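Chemist: Model the structure of this input:
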Amino acid sequence: MAIDSGKSYTKGVLRSEDGVIERVRFRTKVMESSGFGGDLLMRNTDVVEYDGVKYLIGEAISESYTDFNLSKQTNEHLICIYLAITKLLDRSDMYTAMAKVNLAVNIPLNIFKNEHKKKEFEAFIQNNKKVIGVKVNGKPYSFILENVVALPEALGPIFYQTDQYRHKRILVVDIGSLNTSILECNNLVPAYDKMLVSNLGVNVLRSSLSKQLSSLYAITFTNDDTEQILREKND
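Modeler: Got it, this is the predicted structure:
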């Protein structure tokens, strides 16, 4: 499995032994809430119970719950990664009880360059190879992360189209929700010493727009309001 838990969306992909590819995608908005039952049904939203705590994850949660922490070593990202694993297990022929999973996750370029921080993040996700128990919408799952590999952001396009970039020098600009990653590759080899991360992403833009609109029209524009404006404009 490969999972990208970004600040706006968590994306996951699984390739089974027979070559079938499964994909999942959901909003990375997490709210701790003990007042909801596991059978609660809301559009594109899940009730997740982990380590004795219940969370709501998905579109029904306000944009104010978007995580602006630059680090991905947070409880919100951990829960979303585990939720993505359960969704991929459901779509595969793997057992949802005691499944053994090999996982690749992405991390910011500045963290990838720090070997200690990279290993620390891998261990944080892997939970010391102990059994991980999660309940999603009332259904129990258990799995063991046999291997966890952290890979740098911005590499996706390179390895998705290796033939096109094999003998070229290219610059990848990955605009995320909270930051923008810049990576140079020569003949498919990343130049890690030239990796750059800027703390200017889509969420920062949205927050700035909210402030500008509030000032211009003398009324309060929340992040939810600005998100709706952006969506309607794009449609």
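Chemist: got the CA positions of the helix or strand hosting Leu89 in PDB?
Modeler: Using DSSP states H and E, Leu89 falls within helix 75-91. The C-alpha coordinates for helix 75-91 follow below in PDB (Å, rounded to 0.1, in the frame of the first residue of the first chain):
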ATOM      1  CA  ASN A  75      -2.500  12.100  15.800                       C
ATOM      2  CA  GLU A  76      -4.700  13.400  12.900                       C
ATOM      3  CA  HIS A  77      -2.500  12.000  10.200                       C
ATOM      4  CA  LEU A  78      -2.000   8.700  12.100                       C
ATOM      5  CA  ILE A  79      -5.700   8.100  12.300                       C
ATOM      6  CA  CYS A  80      -6.200   9.100   8.600                       C
ATOM      7  CA  ILE A  81      -3.500   6.700   7.500                       C
ATOM      8  CA  TYR A  82      -5.000   3.900   9.500                       C
ATOM      9  CA  LEU A  83      -8.500   4.700   8.100                       C
ATOM     10  CA  ALA A  84      -7.100   4.600   4.600                       C
ATOM     11  CA  ILE A  85      -5.600   1.100   5.300                       C
ATOM     12  CA  THR A  86      -9.000  -0.200   6.400                       C
ATOM     13  CA  LYS A  87     -10.700   1.200   3.300                       C
ATOM     14  CA  LEU A  88      -8.100  -0.400   1.100                       C
ATOM     15  CA  LEU A  89      -8.400  -3.700   2.900                       C
ATOM     16  CA  ASP A  90     -12.200  -3.600   2.300                       C
ATOM     17  CA  ARG A  91     -11.600  -3.200  -1.400                       C
END
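Chemist: Would you mind listing the buried residues in that helix?
Modeler: Buried residues in helix 75-91, defined by neighbour count with 16 or more other C-beta atoms under 10 Å: 76-89. All C-beta spots, glycine's among them, are computed from the backbone N, C-alpha and C.
Chemist: Please name the residues that touch Arg109.
Modeler: That one is not Arg; residue 109 is Leu. Leu109 makes contact with 152-154, 181, 183, 192, 195-197, according to C-beta atoms under 8 Å, 6 or more residues apart in numbering.
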